[in-house]
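Asks: The following block contains a protein sequence and its predicted model.
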Amino acid sequence: MDKNQRYLPKVLVTDFDRTLTCLYKNSDLLIDLANIISNHYKHNISIPSRLLDGKSDGYFVWHELHRRASECLPTVEANEINAKAEELVTEFELAIIKRIGLFTDVPASVHKLHKLGIRLGIVSSNATYVVRYALEQAKIAELFEYIAGRPHPFQPELVKPNPYPINCALDIMNVEREGFCYVGDDIIDMKAARSAGVTAIGVASGKYSEDELMKGGAQYCFPSFTDMVAYFLSVV
């Protein structure tokens, strides 16, 4: 970003995984999740061999098998199987967050944002229950006026990069796009923010560098969430 630019949002809504925490620092966990999901669906639908390569991201496997079940099975049966898959994913996420918590410096950074008078929210593709649990354990949940995870019942087409979840935040928080920013670690976060017409802020605490995030649509970029907060403090 251009360090000469001065920017302070009125509303800051942030991603969760790899932005405030890192659920899958051990990437083998994503393969474990893929195996759990494949085992759940294998008795009801055929699973493409490319999803059984032992390398696939568990969320990619889940989203695709959710769609296949919806397309191939009677509605009631598909809904039951997909609902159970969603429960399995949530249980998996919860078990991890209980072990790792948030990044160490996130709670203090959130308090600093709140003291600046910035309205706070979270839009995540993880389960709302898991996000809220992590915030409550860190004793910062009350500082967020909006906390939303993936849609429930789950609909893969409505998660980022679809701007739908950010648009929901705009509507429910009753705010204008001007002064609203969305913070995330992934290029899909940047795409969702730009599609929603809000300021896109990247943090390079995930798999993408600052340069990659800027090329992917970020208007501002920082090494981490905490570095972003330090910048906001410097402009007041």
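Replies: Structure's in. What do you need? A quick note: this is a predicted structure, and the numbers were derived from the prediction, not measured.
Asks: Going along the chain, name the strands of the chain.
Replies: For the chain, applying DSSP state E gives strands covering 11-14, 119-123, 146-148, 180-184, 199-203, 220-222.
Asks: Mind checking the pLDDT average for the biggest helix by length in the chain?
Replies: Longest helix in the chain by number of residues, with DSSP state H as the criterion: helix 75-100. In this model, helix 75-100 has a mean pLDDT of 98.
Asks: and of the strands of the chain, who's closest to His66?
Replies: When these are compared for distance to His66 using Cβ to Cβ, the nearest one is strand 146-148, at 19.2 Å. In this view, the C-beta of every residue, glycine as well, is placed from N, C-alpha and C.
Asks: domains of the chain?
Replies: 11-21+101-235, 28-99 (automatic domain parsing).
Asks: for the longest one, the distance to its chain's centre please.
Replies: If I follow you right, that is domain 11-21+101-235. Here domain 11-21+101-235 shows a centroid-to-chain-centroid distance of 7 Å under the convention Cα atoms, centre = their mean, to the nearest Å.
Asks: re the thing from before, which one of the strands of the chain lies closest to Phe103?
Replies: Distances from Phe103 to each of the strands of the chain were compared by Cβ to Cβ, and the smallest falls on strand 199-203, at 10.3 Å.
Asks: Buried residues, that closest one. List them.
Replies: With burial defined by 16 or more other Cβ atoms under 10 Å, the residues of strand 199-203 counted as buried are Thr199, Ala200, Ile201, Gly202, Val203.
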